[in-house]
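Peer 1: what's the 3D shape of this:
(chains A and B)
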There are 2 protein chains.
Amino acid sequence: MGRYLSQTVTIAVDAMGGDHAPGVVIDGCALSLERHPETRFLLFGDDEKISPHLKRHTALVAASEVHHTPDAVPMDAKPAQAVRQGRKSSMAMAITAVKVKRAQAVISAGSTGALMAMSKIQLRTFPGVGRPAIAAIWPTIGGETLVLDVGANVDSDIKQLVDFAILGEAFAHTVLHRARPRVGLLNVGSEDVKGNEVVKAVDALLRAADLPMDYVGYVEGDDISAGVVDVVVTDGFTGNIALKTAEGTAKLVAHYLRGALTSSPLSKFGALLASGGLKALKEKMDPRSANGGVFLGLNGLVVKSHGGTDALGFASALDLSIDLSGSDFGAHITSALESVHDKVKAADEALKAEKRAKKEAASK
Amino acid sequence: MGRYLSQTVTIAVDAMGGDHAPGVVIDGCALSLERHPETRFLLFGDDEKISPHLKRHTALVAASEVHHTPDAVPMDAKPAQAVRQGRKSSMAMAITAVKVKRAQAVISAGSTGALMAMSKIQLRTFPGVGRPAIAAIWPTIGGETLVLDVGANVDSDIKQLVDFAILGEAFAHTVLHRARPRVGLLNVGSEDVKGNEVVKAVDALLRAADLPMDYVGYVEGDDISAGVVDVVVTDGFTGNIALKTAEGTAKLVAHYLRGALTSSPLSKFGALLASGGLKALKEKMDPRSANGGVFLGLNGLVVKSHGGTDALGFASALDLSIDLSGSDFGAHITSALESVHDKVKAADEALKAEKRAKKEAASK
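Peer 2: Below you'll find the predicted structure:
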């Protein structure tokens, strides 16, 4: 990351979202500002609650505007309820800042469902895109891979998964700067029971549509970390479980590592000598350093931070939103989407006609 | 593992299954025999191909019987094709040995689909169980957790997932010796979009059925490695992807670790001093040491090894099948299943009646 360090960007911050708001949010902004001194922050929330935290960070005070509102969306708010009752909430106002182009991105550690519902209503989806996805930037052996959806939708149909492939590919190209991103569809590994019906149909459609995309076909769970492709497409149920499982595994291995390096006095001494390298490893494996999910498919950049994160984690999500703010993803994708959707529609109709013809031939 | 070390068990081995059969299979048997000297092996396969490998292991020669057959199931065989054409294959004959109780377990590194299809036909499922699952024994912070299904079924309906919970619980009790296994249902983490319709229905049914089971409700992906429950229930699509993702993550972390410990001469020296502890870690993280999926729901113990594994990995799967052979899982589960299924059926009918009543009340 850090590709747009020199650019001035303005980030709209929901200062009241998250389990430890606004303290963690404000401290996170201060941390991120140290790394991106050109950034401006619009802080939305309760002035009285924000002030005591803000005044401890002189540089942040100079780089911020506080927009007071007493309303906040509760962490356990139902999306529909948040939309109805939260029009003047810090979350809604922060999203509006992106809508009216006062900010390049909005960030919140508040309720995922509320943030998604409010963002959809205010920012709207790209033409032809039914539902946005949450994309995670996954660390891999070679660098990073974009995985989507990791939790916005618990049931994804064929059309949505095709959309995710298109959105992910465009994002990897314009934002992650891959010249020709390779796109894979997450599937199971067994030789014979190759995927469920939805996955098979998406594969057929992506192959038939002849999109300007390097679609490589199926990938398996272990291909994600191996960095076999640039974009991994999956439904939100599977994607969320894969993401959480990876986090859990990293924690387990860290637990094993601690055990191994304290198993004897000699091991402890060795670990001390190797502490430089191990510190770098610790940072790499820190789930806080990969914090931040990007909502893809909306006319505006929305970044969701973990609700329970600390200042360091919130700063990582902020870094991500600052990095992404410099891109022209929105303009690029909107111009490309129409022709792509036409191709997908034509391929879909051709595949269906083929199926009908086969059926008729079989019944004769 | 190693709970039944002192017992004599006979394992039926498909010597021709796997990418590197029969060499890896025979070498794996020899390794496992060193650790379990009481074990007997029935080796099914092509005598001419087996002999050169077998004669290198004197102890194994004494502990084995070779049952010659020239037929083998190809790795890429379709299950139906394998069933039709593979009646005299090494895989089919090895399964028969369990069916006729000449062996306590069968092991194969051959095609998963073929092994499942043949096992179902020969061994049959437990009364009332529609489809078997593949269960993985997952390393956790506190010990081990059983995860099922990890790949036998790409679409699982409500009834199947309830079956998996029942089978998994019984297995954790009788084989993993948990006094009162905790059972969780794998789901996504978002506060508001709690699972898809199938998962919600399974949860409602498991709660309503009042089974003699400690069902704790939903768990998330990171709860698996954390060892929050003893049994994690999921469909084969999600379970397979979670398993592979965890394997990929462990590999990624190992890659980071190598980088960290060779990042400077001091780190290298430290790693050398800590090598005792690090070696133990390496063994723990070696995917070969956790090789072996158990087919659950069949009248007989079937263990599937990774097809591409080496002798060390095949030996791990063998160790697993030897350990499991000592249990009375089959007898226990068959006696318990009927009453459990009655309860599930009653709960299902009650839930449906409730739903109908609600609908009627709403329409008035």
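Peer 1: what sits against the closest residue to A:M213 other than its chain neighbours?
Peer 2: Spatial nearest neighbour of A:M213, excluding adjacent residues (C-beta to C-beta, 6 or more residues apart in numbering or on different chains): A:E169 at 5.1 Å. C-beta coordinates here come from the backbone N, C-alpha and C atoms, glycine included. Contacts for A:E169 were tallied using C-beta atoms under 8 Å, 6 or more residues apart in numbering or on different chains; they are A:181, A:183, A:213, A:231.
Peer 1: surely the second one forms part of a strand?
Peer 2: Yes. The secondary structure assignment for A:V183 places it in a strand, going by DSSP: H, G, I helix; E, B strand; the rest coil.
Peer 1: count the neighbours of it for me.
Peer 2: Counted with other C-beta atoms under 10 Å in any protein chain shown, the neighbours of A:V183 add up to 25.
Peer 1: for the last one, same thing?
Peer 2: Here the neighbour count serves as a burial measure; for A:V231 (other C-beta under 10 Å) it reads 31.
Peer 1: so what's it closest to, chain neighbours aside?
Peer 2: A:G168 (3.9 Å).
Peer 1: likewise for the second one?
Peer 2: Nearest non-adjacent residue to A:V183, counting by C-beta to C-beta, 6+ apart: A:V231, 4.5 Å away.
Peer 1: now do the contacts for the one you found.
Peer 2: A:145-148, A:165, A:168-169, A:171-172, A:181-184.
Peer 1: can I get the residues you listed in TSV including distance to A:K345 and pLDDT?
Peer 2: Output for the contacts of A:V231, formatted as TSV (distance: C-beta to C-beta, whole Å; pLDDT from 0 to 100):
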residue	distance to A:K345	pLDDT
A:T145	28	93
A:L146	25	94
A:V147	26	95
A:L148	22	94
A:A165	15	94
A:G168	19	93
A:E169	18	92
A:F171	22	89
A:A172	23	91
A:P181	23	94
A:R182	24	96
A:V183	19	97
A:G184	23	96
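Peer 1: for those, pick the one with the most neighbours.
Peer 2: A:L148 (31 neighbours).
Peer 1: wait, doesn't that residue sit right on A:I137?
Peer 2: No. A:L148 is beyond contact range of A:I137, at 10.0 Å (criterion: C-beta atoms under 8 Å).
Peer 1: low-confidence stretches in the stretch 151-300 of chain A?
Peer 2: Counting by pLDDT under 70, the stretch 151-300 of chain A contains low-confidence residues at A:189-194, A:284-290.
Peer 1: what ranges do the strands span in it?
Peer 2: A:182-186, A:214-219, A:231-233, A:293-296 (DSSP state E, counting those that start in this stretch).
Peer 1: quick one: strands adjacent to the longest one?
Peer 2: Within its sheet, and counting by DSSP bridges, strand A:214-219 is paired with strand A:182-186 (parallel).
Peer 1: centre of the chain to the strand it pairs with, how far?
Peer 2: Distance, stretch centre to chain centre, for strand A:182-186: 17 Å (C-alpha atoms, centre = their mean, to the nearest Å).
Peer 1: do stretch A:207-221 as well
Peer 2: Per C-alpha atoms, centre = their mean, the centroid offset for stretch A:207-221 relative to its chain is 21 Å.
Peer 1: equivalent analysis for stretch A:297-307, please.
Peer 2: With C-alpha atoms, centre = their mean, you get 7 Å for stretch A:297-307.
Peer 1: and it, how far apart are its ends?
Peer 2: 22 Å (C-alpha to C-alpha, to the nearest Å).
Peer 1: in it, what counts as buried?
Peer 2: A:297-307 (16 or more other C-beta atoms under 10 Å in any protein chain shown).
Peer 1: re earlier: what's the most buried one of the strands of the stretch 151-300 of chain A?
Peer 2: Scoring these by mean neighbour count under mean count of other C-beta atoms under 10 Å in any protein chain shown gives strand A:231-233 as the most buried, with a mean of 30.
Peer 1: strands paired with that one, and their directions?
Peer 2: Partners of strand A:231-233 in its sheet, by DSSP bridges: strand A:144-148 (parallel), strand A:182-186 (parallel).
Peer 1: okay, the nearest residue to A:V302 once chain neighbours are set aside and A:K99: tell me how far apart.
Peer 2: Nearest non-adjacent residue to A:V302, counting by C-beta to C-beta, 6+ apart: A:F295, 4.0 Å away. Distance of A:F295 to A:K99, computed by C-beta to C-beta, to the nearest Å: 14 Å.
Peer 1: setting the sequence-adjacent residues aside, check what's closest to A:H173.
Peer 2: Nearest to A:H173 is A:P181, by C-beta to C-beta, 6+ apart, at 5.5 Å.
Peer 1: surely that neighbour and A:T174 touch.
Peer 2: No. Assessed by C-beta under 8 Å, A:P181 is found out of contact with A:T174, at 9.9 Å.
Peer 1: now do the helices in the stretch 201-350 of chain A.
Peer 2: For the stretch 201-350 of chain A, the helices defined by DSSP state H, counting those that start in this stretch cover A:221-226, A:236-261, A:265-273, A:275-285, A:311-325, A:329-363.
Peer 1: mind checking how far the fourth one is from the chain centre?
Peer 2: Its chain's average C-alpha position is 24 Å from that of helix A:275-285, according to C-alpha atoms, centre = their mean.
Peer 1: tell me which other helices or strands it touches.
Peer 2: Here helix A:275-285 touches helix A:236-261, helix B:236-261, helix B:265-273, going by 3 or more C-beta pairs under 8 Å, 6 or more residues apart in numbering or on different chains; DSSP states H and E.
Peer 1: and stretch A:238-256, how far out from the chain's middle?
Peer 2: That offset, for stretch A:238-256, works out to 17 Å (C-alpha atoms, centre = their mean).
Peer 1: ignore what I typed, I meant stretch A:242-257.
Peer 2: 19 Å.
Peer 1: the domain parsing of chain A - what is it?
Peer 2: A:1-124+A:299-327, A:127-297+A:328-364 (automatic domain parsing).
Peer 1: who's in contact with A:D223?
Peer 2: A:184, A:229, A:232, B:244, B:248.
Peer 1: picking that back up, tell me the contacts of the residue nearest to A:H173?
Peer 2: A:168-169, A:172-173, A:213-214, A:229-231.
Peer 1: recalculate using a threshold of 7 Å.
Peer 2: A:169, A:172-173, A:214, A:230-231 (C-beta atoms under 7 Å, 6 or more residues apart in numbering or on different chains).
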